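Chemist: model the structure of this input:
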Amino acid sequence: MPERFLGIDTSNYRTSAAIYNAETGEWVNRGGLLTVPEGAIGLRQSDALFQHTVRLHEKIEALPQGEVRAIGVSTRPRAVEGSYMPCFLAGESVARSAAHLLSVPLFTVSHQQGHIAAAALSAGKLDLLDGEFLAWHLSGGTSELLHVKCGADGLPDCTCIGGTTDLAAGQLLDRAGNLLGLPFPSGGALDALALTAEPEKGFTPKVNECKFSLSGMQNQVENKFKSAEPKQMARFALETVANAVIKAPEQAREQYHCPILCAGGVMASQIIRARMNKRFGGEISFAEPTLSGDNAVGVAVLAAKLCNR
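Modeler: Residues are numbered from 1 along each chain as shown. You can find the predicted model right below:
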């Protein structure tokens with residue numbers, strides 16, 4: 001049987017399905033953002049679940065046909081007790097039904113574990129999944145610095161050792177984008193605008209034991225909006241986030257002497273990536289932008305890993 005694995009991920013803002021070939025390393029991901037009303041900065045879970053239900057079959061039908069050895073699906077945001085979001089039920093329902101009809105194994109993982117696996121694949125460092133490393137998961141709803149090792153179940157065992165104590169980095173950037181009238185999610189458009197600006201130092205949040213607050217930074221961004229051009233405000237917001245996400249792993253590496261892997265949509269920012277590359281050099285790896293945001297490739301990678309244990 002060919003080494004093809006199906007991955008499904010129905011996160012809060014993107015419907016995704018992917019095929020991963022474990023023999024060749026090739027992958028195909030079909031994903032699309034959910035529709036968010038103009039001017040809004042989020043979706044109710046009921047609306048997200050409905051849109052996933054309507055759209056998931058289109059993503060699966062757009063994949064190349066053929067046999068699959070197993071199916072992987074994300075069923076919750078993080079692999080911790082109490083982690084739950086209704087939007088993941090859309091993917092889980094389809095995955096369980098398909099696995100039953102095809103008589104293939106089904107593997108359930110967390111959305112966060114999928115992000116980490118996708119970043120490792122994209123960076124050409126799948127071997128990290130069998131070792132120990134630090135991972136930044138920076139997205140619209142999550143800003144966690146993780147200590148990761150291979151768990152007894154073969155999946156990434158993630159322990160949060162730092163990150164934001166309130167507002168997520170993606171939320172700060174989306175709110176900055178909303179002030180500028182950019183579409184939601186705003187990260188890509190905000191980054192493109194910021195790249196046209198003059199250099200900015202940004203604000204430097206206080207980082208203590210790898211943790212920091214970004215809620216106060218929203219006031220700084222709003223003040224910048226009132227006093228500067230839109231492109232300078234965009235640059236200020238991104239540099240502010242970069243200042244925090246550089247300092248936290250600096251502190252963490254005083255205890256954990258291991259490489260850093262960056263995952264999540266916020267890490268697609270050219271400005272943040274350039275800053276972190278300058279600071280950490282060869283000790284840091286990134287997913288390509290396509291696999292930084294929500295996708296189902298990492299879920300399929302983990303299905304292959306578990307199936308071949």
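Chemist: which of the three states applies to residue 173?
Modeler: Three-state assignment for residue 173 (DSSP: H, G, I helix; E, B strand; the rest coil): helix.
Chemist: for residue 31, that is, sorry about that
Modeler: Per three-state DSSP, residue 31 ends up strand.
Chemist: the residue nearest to residue 85 when sequence neighbours are not counted and residue 133: what is the separation?
Modeler: Leaving aside its chain neighbours, residue 85 sits nearest to residue 77 (5.7 Å; criterion: CB to CB, 6 or more residues apart in numbering). (Glycine included, C-beta is placed from N, CA and C.) Distance, residue 77 to residue 133, by CB to CB, to the nearest Å: 20 Å.
Chemist: C-alpha coordinates for the host helix or strand of residue 221, PDB please?
Modeler: Using DSSP states H and E, residue 221 maps to helix 215-227. Taking Å, rounded to 0.1, in the frame of the first residue of the first chain, the C-alpha atoms of helix 215-227 are listed here in PDB:
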ATOM      1  CA  SER A 215      -2.600  43.900  26.700                       C
ATOM      2  CA  GLY A 216      -0.800  47.100  27.600                       C
ATOM      3  CA  MET A 217       0.900  47.000  24.200                       C
ATOM      4  CA  GLN A 218      -2.500  47.500  22.600                       C
ATOM      5  CA  ASN A 219      -2.600  51.000  24.200                       C
ATOM      6  CA  GLN A 220       0.900  51.700  22.800                       C
ATOM      7  CA  VAL A 221      -0.200  50.600  19.300                       C
ATOM      8  CA  GLU A 222      -3.400  52.700  19.500                       C
ATOM      9  CA  ASN A 223      -1.300  55.800  20.500                       C
ATOM     10  CA  LYS A 224       1.000  55.100  17.600                       C
ATOM     11  CA  PHE A 225      -2.000  54.900  15.300                       C
ATOM     12  CA  LYS A 226      -3.000  58.400  16.400                       C
ATOM     13  CA  SER A 227       0.400  60.000  15.800                       C
END
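Chemist: show me the contacts for the residue nearest to residue 85.
Modeler: Residue 77 is in contact with 83-85, 88, 110-112, 141-142, counting by CB atoms under 8 Å, 6 or more residues apart in numbering.
Chemist: now, the residues you listed that are in strands?
Modeler: Using DSSP state E, the subset of the contacts of residue 77 located in strands is residue 110.
Chemist: can you tell me which of the contacts of residue 77 are buried?
Modeler: Listed as buried from the contacts of residue 77 are 85, 88, 110-112, 141-142; burial here means 16 or more other CB atoms under 10 Å.
Chemist: keep only those of those residues that are in helices.
Modeler: Among the buried ones among the contacts of residue 77, the members found in helices (DSSP state H) are 88, 111-112.
Chemist: of those residues, closest to residue 103?
Modeler: Nearest to residue 103 among those, counting by CB to CB, is residue 88 at 23.7 Å.
Chemist: leaving out the residues flanking it, which one is nearest to that closest one?
Modeler: residue 75 (5.2 Å).
Chemist: now swap in residue 114 and tell me
Modeler: Using CB to CB, 6+ apart, the closest residue to residue 114 is residue 298 (3.7 Å).
Chemist: which of the helices or strands spans residue 298?
Modeler: helix 297-307.
Chemist: my bad, should have said residue 203
Modeler: Counting by DSSP H and E, residue 203 is part of no helix or strand.
Chemist: all helices for the stretch 151-300 of the chain, in order.
Modeler: For the stretch 151-300 of the chain, helices defined by DSSP state H, counting those that start in this stretch occupy the ranges 169-179, 187-194, 215-227, 230-252, 270-280, 289-292, 297-307.
Chemist: quick one, which of those is packed in tightest?
Modeler: helix 297-307 (a mean of 28; mean count of other CB atoms under 10 Å).
Chemist: for that helix, C-alpha coordinates in CSV please.
Modeler: Extracted in CSV, the C-alpha atoms of helix 297-307 (Å, rounded to 0.1, in the frame of the first residue of the first chain):
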residue,chain,number,x,y,z
VAL,A,297,-0.1,18.7,6.6
GLY,A,298,1.3,18.4,10.1
VAL,A,299,-1.6,16.3,11.2
ALA,A,300,-1.0,13.9,8.3
VAL,A,301,2.7,13.8,9.2
LEU,A,302,1.9,12.7,12.7
ALA,A,303,-0.5,10.1,11.4
ALA,A,304,2.4,8.7,9.3
LYS,A,305,4.7,8.8,12.4
LEU,A,306,2.2,6.9,14.6
CYS,A,307,1.2,4.4,11.9
